[in-house]
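Visitor: Make a model of this:
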Amino acid sequence: MESTSELDQATALAMLDWQIELGATEAIGDVPVNRYELETAPKPARAAPSVAAPVVQEEVDPVAVAMAEAARADSLEDLRAALNAFELCGLKAGANSLVFSDGVPGSRVMIIGEAPGRDEDRQGKPFVGPAGQLLDRMLAEIGLSRAENVYITNVLPWRPPQNRDPETQEREMMKPFLARHVALAAPDVLVLMGNISCETVLGRRGITRLRGKWEEAWDRPVLPMFHPAYLLRNPAAKRQAWADLLALKARLKRGD
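Guide: Numbers count the residues shown, from 1 in each chain. Sure thing, here's the model as predicted:
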């Protein structure tokens with residue numbers, strides 16, 4: 001009689017099929033394995049998950065960027081292109097156009113206004129609204145014209161929303177471009193229209209005290225005057241504006 005420990009081939013195959021149905025996928029090895037030794041064997045240390053170093057973004061100084069970009073401009077065309085490419089002033093996103101300048105580059109007189117209004121933003125030129133029309137009449141009284149011998153720009157090249165006053169950071173950001181604009185246009189005399197222009201160029205406000213008194217900035221004589229928009233609201237101040245125009249005419253005649 002056969003031993004119960006011995007299995008015939010059919011029984012062995014049946015048991016193998018049963019293990020396969022249970023999900024066994026590997027046969028036993030030729031060498032016995034001591035499971036107790038496997039449990040006590042030290043497990044390999046798991047590598048600590050790598051942690052990416054935080055990305056530190058350097059804070060951009062818009063004034064420093066403006067100074068660098070303005071310094072690279074070798075012509076008025078270069079300066080206009082630099083302003084068009086400048087993306088650090090939030091006013092640009094809300095403006096329709098860049099208001100760069102009007103008049104004749106190289107003129108003896110350069111007028112610096114404050115910021116574009118609605119009409120200037122639409123046309124892309126400074127002083128084209130009612131205040132600009134008054135300015136043209138004022139200049140004509142002393143033989144000046146933007147079509148012949150006057151060059152005009154603004155402190156800001158983009159219109160502030162709702163025509164609000166330019167903020168300090170906006171003026172400081174645009175000042176390097178303005179200084180380069182003056183250097184490239186090379187006028188004999190600067191005329192500052194209004195408080196914003198005076199504060200940007202001279203560092204002082206109070207146009208009623210400053211107007212009519214010659215100052216100096218960027219190695220040039222500077223004459224503060226009332227802004228034409230102010231004269232439209234306060235016609236009585238036109239007498240003082242006329243006196244300032246005569247002072248400008250006399251300075252140009254002397255040639256100093």
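Visitor: make it CA atoms for all contacts and neighbour counts henceforth
Guide: Fine.
Visitor: Count the residues that sit near residue 229.
Guide: 17 (other CA atoms under 10 Å).
Visitor: Assign the nearest residue to it once chain neighbours are set aside to helix, strand or coil.
Guide: Spatially, and ignoring its direct neighbours in sequence, residue 229 is nearest to residue 131 (5.0 Å; CA to CA, 6 or more residues apart in numbering). Per DSSP: H, G, I helix; E, B strand; the rest coil, the secondary structure class of residue 131 is helix.
Visitor: where's residue 131 relative to residue 178, distance?
Guide: Distance, residue 131 to residue 178, using CA to CA, to the nearest Å: 21 Å.
Visitor: So which of the two has more stuff around it?
Guide: Neighbour comparison, residue 131 and residue 178: the larger count goes to residue 178, with 23 against 17 (by other CA under 10 Å).
Visitor: In contact with the more buried one, which residues?
Guide: Residues near residue 178 by CA atoms under 8 Å, 6 or more residues apart in numbering: residue 155.
Visitor: Quick check: the residue nearest to residue 229 vs residue 137, distance?
Guide: Note on residue 131: its distance to residue 137, by CA to CA, is 10 Å.
Visitor: Which stretches in the stretch 51-200 of the chain count as helices?
Guide: With DSSP state H, counting those that start in this stretch as the criterion, the stretch 51-200 of the chain has helices at 62-71, 76-85, 91-94, 118-123, 130-140, 168-185, 195-202.
Visitor: Moving C-terminal from the last one, which element do we reach first?
Guide: Once the chain leaves helix 195-202, the next helix or strand it forms, by DSSP states H and E, is helix 207-210.
Visitor: Count the neighbours of residue 64 for me.
Guide: Counted with other CA under 10 Å, the neighbours of residue 64 add up to 12.
Visitor: confidence score at it?
Guide: At residue 64, the model reports a pLDDT of 97.
Visitor: Over to residue 8?
Guide: If you check residue 8, the pLDDT there is 70.
Visitor: What about it, how many residues nearby?
Guide: 9.
Visitor: got it, and residue 203?
Guide: Residue 203, neighbours per other CA under 10 Å, totals 10.
Visitor: Please determine how far it is located from residue 9.
Guide: Using CA to CA, residue 203 is found at 107 Å from residue 9.
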